[in-house]
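In: from the sequence below, what's the structure:
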Amino acid sequence: RELPTYTRQLATLLRAGIPLASAMSAVIEQSEIPDLEAAFRDIRERITQGLSFAEALAYHPAYFDDLFVNMVKAGEASGNLDAVLERLAEYLQKQASIRSKVSAALAYPIVMMGIGVVIVVILMSFVVPKIMTIVAQSKQALPFSTRLLQTGSQFIADWWMVVLSAILGLALLHRFLTRRPEYRYGVDKLKLRLPIVGDLIRKTAVSRFAVSMSTLLKS
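Out: So this is what the prediction gives:
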């Protein structure tokens, strides 16, 4: 979140005619995040040792992705690094705005689904068994839906540790398989086919692509 601000500050300093190393020093003095400050210090040292700004940025992919590095490289080659950094700051802010809108749109249904799951688990584990005890005392034939509910409740009450372990195991397996491109492709394909959410993800991707392409063409 802080990167757009620092990028814009650096663009302003360069536009004022301050050398890159000195501009980096000024940004470092204002940095309040230790990890980011350490990255800026390393970048400044590499610049003073003779590397280009883009080459120095490439050593910190956690903060500066390929798009950022290559746009800086284009700015250095064309001699308008300050303008490119200004566009990069705008690009990063737009990306952050898109992410925040998507997060806000998905937050409510995710929270409601989570609360719903918790309520169902509590009902099936504690409330339903007590009701079933009362129903069983009446010695009447139970309809299929009630018997199904009783079976599900009993299963959760007896095997909740197994169910929880299975969920955690599937989550770890998913995290491991995401390293494989074909698995990620399949998951993304499934996401795009989801009702409502798939359309939101598709529009978000198109929006990010358009903003990225616009920024690259301007540079």
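
In: helix, strand, or coil at the most centrally placed residue in the chain?
Out: In the chain, the residue lying closest to the centroid (CA atoms, centre = their mean) is residue 99, at 7.9 Å. Taking DSSP: H, G, I helix; E, B strand; the rest coil as the rule, one finds residue 99 in the helix state.

In: how near is it to residue 106?
Out: Taking CB to CB, to the nearest Å as the measure, residue 99 and residue 106 are separated by 11 Å. Every residue, glycine included, has its C-beta placed from N, CA and C.

In: next, residue 54: secondary structure please.
Out: helix.

In: excluding its backbone neighbours, what's nearest it?
Out: Spatial nearest neighbour of residue 54, chain neighbours left out: residue 73 (3.8 Å); criterion: CB to CB, 6 or more residues apart in numbering.

In: kindly report the same for residue 129.
Out: residue 153 (5.7 Å).

In: in which helix or strand would I find that neighbour?
Out: When elements are assigned from DSSP states H and E, residue 153 belongs to helix 144-177.

In: show the contacting residues for the residue in the chain sticking out farthest from the centre.
Out: Note on the chain: the largest C-alpha distance from the chain mean falls to residue 139, namely 54.2 Å (CA atoms, centre = their mean). Residues near residue 139 by CB atoms under 8 Å, 6 or more residues apart in numbering: none.

In: give me the phi and psi angles of it.
Out: phi 60, psi 40 (degrees, to the nearest 10).

In: distance of it relative to residue 49?
Out: 87 Å.

In: which parts of the helix or strand where residue 43 lies are buried?
Out: For residue 43, the host element (DSSP H and E) is helix 34-48. Neighbour counts over helix 34-48 (16 or more other CB atoms under 10 Å) mark 36-37, 39-40, 43-44, 46-47 as buried.

In: export it to PDB, keeping only CA atoms.
Out: The C-alpha coordinates for helix 34-48 follow below in PDB (Å, rounded to 0.1, in the frame of the first residue of the first chain):
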ATOM      1  CA  PRO A  34      11.700  -1.600   8.100                       C
ATOM      2  CA  ASP A  35      11.600  -4.300   5.300                       C
ATOM      3  CA  LEU A  36      10.800  -1.700   2.600                       C
ATOM      4  CA  GLU A  37      13.500   0.600   4.000                       C
ATOM      5  CA  ALA A  38      16.000  -2.200   3.900                       C
ATOM      6  CA  ALA A  39      15.100  -2.900   0.200                       C
ATOM      7  CA  PHE A  40      15.500   0.800  -0.600                       C
ATOM      8  CA  ARG A  41      18.900   0.900   1.100                       C
ATOM      9  CA  ASP A  42      20.000  -2.100  -0.900                       C
ATOM     10  CA  ILE A  43      18.800  -0.600  -4.200                       C
ATOM     11  CA  ARG A  44      20.700   2.700  -3.400                       C
ATOM     12  CA  GLU A  45      23.900   0.700  -2.700                       C
ATOM     13  CA  ARG A  46      23.600  -1.200  -6.000                       C
ATOM     14  CA  ILE A  47      23.000   2.100  -7.900                       C
ATOM     15  CA  THR A  48      26.100   3.600  -6.400                       C
END
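
In: which other helices and strands does that helix contact?
Out: Under the contact definition 3 or more CB pairs under 8 Å, 6 or more residues apart in numbering; DSSP states H and E, helix 34-48 sits against helix 3-15, helix 20-30, helix 53-57.

In: distance from that helix to the middle of the chain?
Out: Offset of helix 34-48 from its chain centre (CA atoms, centre = their mean, to the nearest Å): 25 Å.
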